[in-house]
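K.L.:
I'll drop the sequence and a predicted model, then ask my questions.
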Amino acid sequence: MKAAIKAIRSHLAPNHLTNEQLASEYKGWGVEKISGKTGISVRGVAGPDECASDLGLTAANKLLDAGVISREEIDFLMFCTQSPDYFLPTTACIMQTKLGLPTTCGAMDYNLGCSGFVYGLGLAKGLIETGQATNILLITADTYHKYIHPTDRSVRTIFSDGAAATLISAVDQEEDILGPFVFGTDGTGFEQLIVPAGGHRKRCSTETCVAKEVTPGVFRAEENLYMNGPDVFSFTLNSVPPLIRQILEKSKITVDDVDYFVFHQANKFMLERLRKKTDIPENKFCLNLESYGNTVSSTIPMALELARQNGEIKVGDRVMLAGFGVGYSWAATMLTIT
């Protein structure tokens, strides 16, 4: 038995933040400048009482209600998020009962950002191909806007709240449909994309919630998201090209053998630089940030869903997936479209 992606459904938070709204708040940042730098027109923003699990449940219900599989057939649920409902219990346990999945279903959370979807595919492949599970529901969801200070345009213009639900199932086939995989980690960069306060290393207090002016007109508290943009950009340009070479070598193929490349949809400027540096043809390279924004762990499944709908990928195509970001963490795999 081999693991294969059978279906994907996504959901963007219903409240939308447009370039026109951002331009009206940030002096010197017009609509064209924001769009040109990010490639994004609309971002999803979760409501005050809306959690990542709520977005994930909506995406999962779309998939399950489509009749692709019955709820009783799901035997493992994985939830990738960096914005869980609680420190404990595991959010996936709450989602199991809300989705009406059987009590014989395994459920777990794992905390990863932009590489999280590819990591989840690797975990799902391991569970399925060792006979531990047959039908896995992988849900990715994040609500980064809850961490963002409204004056911090460096992150508010990029990130978006959204979710995706992916069904990975066992199929009776001898050749791999999913894989091989390459993973990587460099924890020395952990402080470059971080919410400093809120965990046990630095608990929330009266001091950590106070926003201070970090640059003219930009305020940030320790409970807000901080991103060192130049360092993240440098990390990406240094780590992703070797990652691509490694997955090609492990797959024993060349760039020409790959039909489509779906990378984590970080921002337009970064992706274009990556594409040119790695000599990937423009017509094979996914860039669909415009209507979604950077939804962290959900950008790759969202891009896959849209590419399939638009006919950019078809059954039999070989697609390279690559995620990279917060951690620093990165991962890549090959996928045959079924």
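P.N.:
The structure has been received and is ready for your questions.
K.L.:
downstream of the helix or strand containing L138, the next helix or strand is which one?
P.N.:
Using DSSP states H and E, L138 falls within strand 135-142. Counting by DSSP H and E, the next helix or strand C-terminal to strand 135-142 is helix 153-156.
K.L.:
in the following helix or strand past that following helix, which residues are buried?
P.N.:
Using DSSP H and E, the helix or strand that follows helix 153-156 towards the C-terminus is strand 162-171. For strand 162-171, the neighbour count (16 or more other CB atoms under 10 Å) marks G162, A163, A164, A165, T166, L167, I168, S169, A170 as buried. Any C-beta I mention is one placed from the backbone N, CA and C, and that applies to glycine too.
K.L.:
strand partners of strand 162-171, parallel vs antiparallel please.
P.N.:
Taking DSSP bridges as the criterion, strand 162-171 forms sheet pairs with strand 2-12 (antiparallel), strand 135-142 (antiparallel).
K.L.:
so which of these comes closest to A307?
P.N.:
Taking CB to CB, strand 2-12 is the member of those nearest to A307, at 10.2 Å.
K.L.:
I'd like the average pLDDT over the closest one.
P.N.:
Averaged over strand 2-12, pLDDT sits at 98.
K.L.:
would you verify that T58 is located in a helix?
P.N.:
Yes - the assignment for T58 by DSSP: H, G, I helix; E, B strand; the rest coil puts it in a helix.
K.L.:
check contacts around it.
P.N.:
Shown in contact with T58 (CB atoms under 8 Å, 6 or more residues apart in numbering): H11, A163.
K.L.:
look up how far D161 lies from it.
P.N.:
Noted for T58: a distance of 12 Å to D161, by CB to CB, to the nearest Å.
K.L.:
which parts of the stretch 101-250 of the chain are strands?
P.N.:
106-110, 135-142, 162-171, 178-185, 193-194, 212-215, 218-220, 226-227 (DSSP state E, counting those that start in this stretch).
K.L.:
looking at those, spot the one closest to H200.
P.N.:
Across the strands of the stretch 101-250 of the chain, closest to H200 is strand 193-194 (CB to CB), at 14.6 Å.
K.L.:
residues near E20, how many?
P.N.:
Around E20 there are 11 other residues, counting by other CB atoms under 10 Å.
K.L.:
next, the distance between the ends of stretch 166-176.
P.N.:
Chord length of stretch 166-176, first to last residue, is 18 Å (CA to CA, to the nearest Å).
K.L.:
going forward, count from 11.
P.N.:
Happy to do that; since the first residue is 11 now, the last one works out to stretch 176-186.
K.L.:
any low-confidence regions in this protein?
P.N.:
Nowhere does the chain drop to pLDDT under 70.
K.L.:
what's the domain layout of it?
P.N.:
Following automatic domain parsing, one finds the domains of the chain at 12-181, 188-346.
K.L.:
number of nearby residues for I146?
P.N.:
I146: 27 surrounding residues under other CB under 10 Å.
K.L.:
one more: N248?
P.N.:
N248: 11 neighbours (other CB under 10 Å).
K.L.:
likewise for the one 4 residues further on?
P.N.:
Burial of P252 is recorded as 12 neighbouring residues (other CB under 10 Å).
K.L.:
how far away is the residue of the chain most remote from its centre from G208?
P.N.:
In the chain, T216 marks the outermost C-alpha relative to the chain mean, sitting 32.0 Å out by CA atoms, centre = their mean. When distance is defined by CB to CB, T216 is 14 Å away from G208.
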